[in-house]
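Visitor: Just need the structure, nothing else, for what follows:
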Amino acid sequence: MSVRAVVWDVDDTLFDYTSADRAGMRGHLAAEGLLAAYEGVEQALDRWREITDRQWARFAAGEVSFEDQRRDRVRAFIDRDLTDAEADAWFQRYIAHYEAAWALFPDVLPVLDALAGSHRHAVLSNSSLHVQDRKLRLLGVHDRFEAILCAAELGVSKPAPAAFRAACDALGLAPHQVAYVGDHPEIDGRGAAEAGLLSVWIDRGGAYATLEPPRGPHRIASLAELPAILGADTRFGAPSTFG
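Guide: Below is the predicted model:
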């Protein structure tokens, strides 16, 4: 049976999270007067991303709540024993700078338009519904998706098969009728493939060019390649540059 729906990751798949995060933190560090503690802004940004990845992994593993991983990111980054209220306030000041830089990748709207008549669409994210629902609304694409599922509410995170199957269940489809598109080779790519979905791993800019591709996912460099993989009857798309 052909693929009838596409389930999407959000951050660094639809939404340019990395650019927004770095731009937002750059502005926040300047406003907070924290750059003097580093040799340069790039060192500070790299440390923030390293701490973010580490704390996010704890959340994905079920060790901490979504709110606590945010607070722990702040405490680790500024190396201070803040109260929850102080950490929340610091993070909210950062959020103001971060949201000012929000943007979709330029290939997102064209592919959503191209697939609108042939496929149903949903979102599965390792974030919280509060965050991603608001983000998709502000980016103007919320109404493109039938369902928005997030780890904080599901109680299970990608790459666990149960997370992907929850998205299929929300659409009333079997895994083999659903494609999943995400940017992480293991969490998204291998995870979706092992759950039985058609897995499409988008490696924008060759960020993982030196990585041995996981077995299972189709690897693409642009969403322009997606309709051809899905066999969609559109004129949009291009052959894969990865073969």
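Visitor: Tell me how this structure divides into domains.
Guide: 5-16+103-230, 17-99 (automatic domain parsing).
Visitor: For the closest residue to residue 175 other than its chain neighbours, grab the count of nearby residues.
Guide: Among residues not flanking residue 175 along the chain, residue 196 sits closest, at 3.5 Å (C-beta to C-beta, 6 or more residues apart in numbering). For the C-beta atoms, the positions are set from N, CA and C on the backbone; glycine is no exception. Around residue 196 there are 16 other residues, counting by other C-beta atoms under 10 Å.
Visitor: which element is residue 196 on?
Guide: Under the criterion DSSP states H and E, no helix or strand holds residue 196.
Visitor: Please report how far residue 122 lies from residue 196.
Guide: Note on residue 122: its distance to residue 196, by C-beta to C-beta, to the nearest Å, is 16 Å.
Visitor: just residue 204 next, same as before
Guide: From residue 204 to residue 196 the distance is 25 Å (C-beta to C-beta).
Visitor: Can you list the residue ranges for strands in this protein?
Guide: In the chain, the strands defined using DSSP state E lie at 5-8, 120-125, 147-150, 178-182, 198-202, 218-220.
Visitor: Put the alpha carbons of the fifth one into PDB.
Guide: Taking Å, rounded to 0.1, in the frame of the first residue of the first chain, the C-alpha atoms of strand 198-202 are listed here in PDB:
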ATOM      1  CA  LEU A 198       9.200   5.100   5.400                       C
ATOM      2  CA  SER A 199      12.100   7.000   6.900                       C
ATOM      3  CA  VAL A 200      13.500  10.100   5.300                       C
ATOM      4  CA  TRP A 201      16.500  11.700   6.900                       C
ATOM      5  CA  ILE A 202      17.300  15.300   5.800                       C
END
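Visitor: Tell me which stretches of this structure form helices.
Guide: 17-32, 41-60, 66-78, 84-99, 108-115, 129-138, 151-154, 161-171, 191-194, 226-230 (DSSP state H).
Visitor: for the ones you listed, which one sits closest to residue 2?
Guide: helix 226-230 (8.3 Å; C-beta to C-beta).
Visitor: packing partners for the closest one?
Guide: Judged by 3 or more C-beta pairs under 8 Å, 6 or more residues apart in numbering; DSSP states H and E, the packing partners of helix 226-230 are helix 108-115, strand 178-182, strand 198-202, strand 218-220.
Visitor: Report the mean confidence score over the longest one.
Guide: Regarding helix 108-115, the rounded mean pLDDT is 98.
Visitor: Could you give the separation of that helix from the chain centroid?
Guide: 18 Å (C-alpha atoms, centre = their mean, to the nearest Å).
Visitor: cool, the last one as well?
Guide: The gap between where strand 218-220 is centred and where its chain is centred comes out at 16 Å by C-alpha atoms, centre = their mean.
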